[in-house]
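**Q** from the sequence below, what's the structure:
(2 chains)
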Amino acid sequence: GNSVTQMEGPVTLSEEAFLTINCTYTATGYPSLFWYVQYPGEGLQLLLKATKADDKGSNKGFEATYRKETTSFHLEKGSVQVSDSAVYFCALSDKSNYQLIWGAGTKLIIKP
Amino acid sequence: DSGVTQTPKHLITATGQRVTLRCSPRSGDLSVYWYQQSLDQGLQFLIQYYNGEERAKGNILERFSAQQFPDLHSELNLSSLELGDSALYFCASTEQGLNTEAFFGQGTRLTVV
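**A** Take a look at the predicted model:
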């Protein structure tokens, strides 16, 4: 079946460091891929998405490219801020049954 | 504001009791998903409804049930509560579309004492 695997956290970085959070997936067909972010005490919100191979999603300085050849959708940011501290979830949508498949989440801690 | 409303925001109840969590989806969204998030845990998918009908079930206990009403709001009923049921319960809604982007409510924090 479809699945999403994320790197385990927590990931701890200093402010202005480069961020990569790995996400790989297993899916039949051509799913859409998402990154969601959950700030402390809040619900999840969409950060970025990509709907087909080679698409790049971007938002708030974050980027992720849909790589079908490596079945990956890694999240990157060139210079993180303390305010980026949150839990990040990778997800895919199974278009055959409209199910959302979620990764386990990666907690990101940014130190000043 | 995601457009998804969950009530109540907080709930404290005793073991053995029954509670109902309510979710109003974003205007126009037909699909509602319920998730449980325990402390330091990821999202556990419980159940999905589409336009009033159950579409998919995840790791939902038999003590839990849900329904979606004609006006598309949804309720999650939790009964015979145990300490381990203490968690954040999220509702999300989506369009019936290829992108299936999900919009989440702020969650209901349930504490069972």
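
**Q** strands of the chain, residue ranges please.
**A** No chain in the question, so chain A it is. Listed in chain order, the strands of chain A (DSSP state E) span A:3-6, A:11-14, A:19-21, A:23-26, A:32-38, A:44-50, A:56-59, A:62-65, A:75-77, A:86-94, A:99-102, A:106-111.

**Q** hmm, I had chain B in mind actually
**A** Per DSSP E, chain B carries strands over the ranges B:5-7, B:10-13, B:19-24, B:31-37, B:43-50, B:53-57, B:64-68, B:74-78, B:87-94, B:102-104, B:108-112.

**Q** helices and strands around the lowest-mean-pLDDT helix or strand in chain A, which ones?
**A** Within chain A, no helix or strand scores below strand A:99-102, which has a mean of 84 by mean pLDDT, DSSP states H and E. Strand A:99-102 is packed against strand A:3-6, strand A:86-94, strand B:43-50, with contacts defined by 3 or more C-beta pairs under 8 Å, 6 or more residues apart in numbering or on different chains; DSSP states H and E. In short, each C-beta sits where N, CA and C put it, glycine included.

**Q** how about the residues of chain A near chain B?
**A** Within chain A, the positions adjacent to chain B are A:32, A:34, A:36, A:42-46, A:49, A:51, A:89, A:91, A:93, A:95, A:97-100, A:102-105 by C-beta under 8 Å from any C-beta of the partner chain.

**Q** before we move on, the earlier item: what's the closest of the helices and strands packed on strand A:99-102 to B:Glu62?
**A** strand B:43-50 (12.1 Å; C-beta to C-beta).

**Q** may I have that closest one exported as CSV, CA atoms only?
**A** What follows is strand B:43-50, C-alpha atoms only, in CSV (Å, rounded to 0.1, in the frame of the first residue of the first chain):
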residue,chain,number,x,y,z
LEU,B,43,-1.4,11.8,13.4
GLN,B,44,-3.5,8.7,13.7
PHE,B,45,-6.2,8.6,11.1
LEU,B,46,-9.5,7.5,12.7
ILE,B,47,-12.3,7.8,10.1
GLN,B,48,-13.4,9.7,7.0
TYR,B,49,-16.8,10.7,5.8
TYR,B,50,-17.8,12.0,2.4
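
**Q** what is it packed up against?
**A** strand A:99-102, strand B:31-37, strand B:53-57, strand B:64-68, strand B:74-78.

**Q** burial count for A:Glu16?
**A** Neighbour count of A:Glu16, defined by other C-beta atoms under 10 Å in any protein chain shown: 11.
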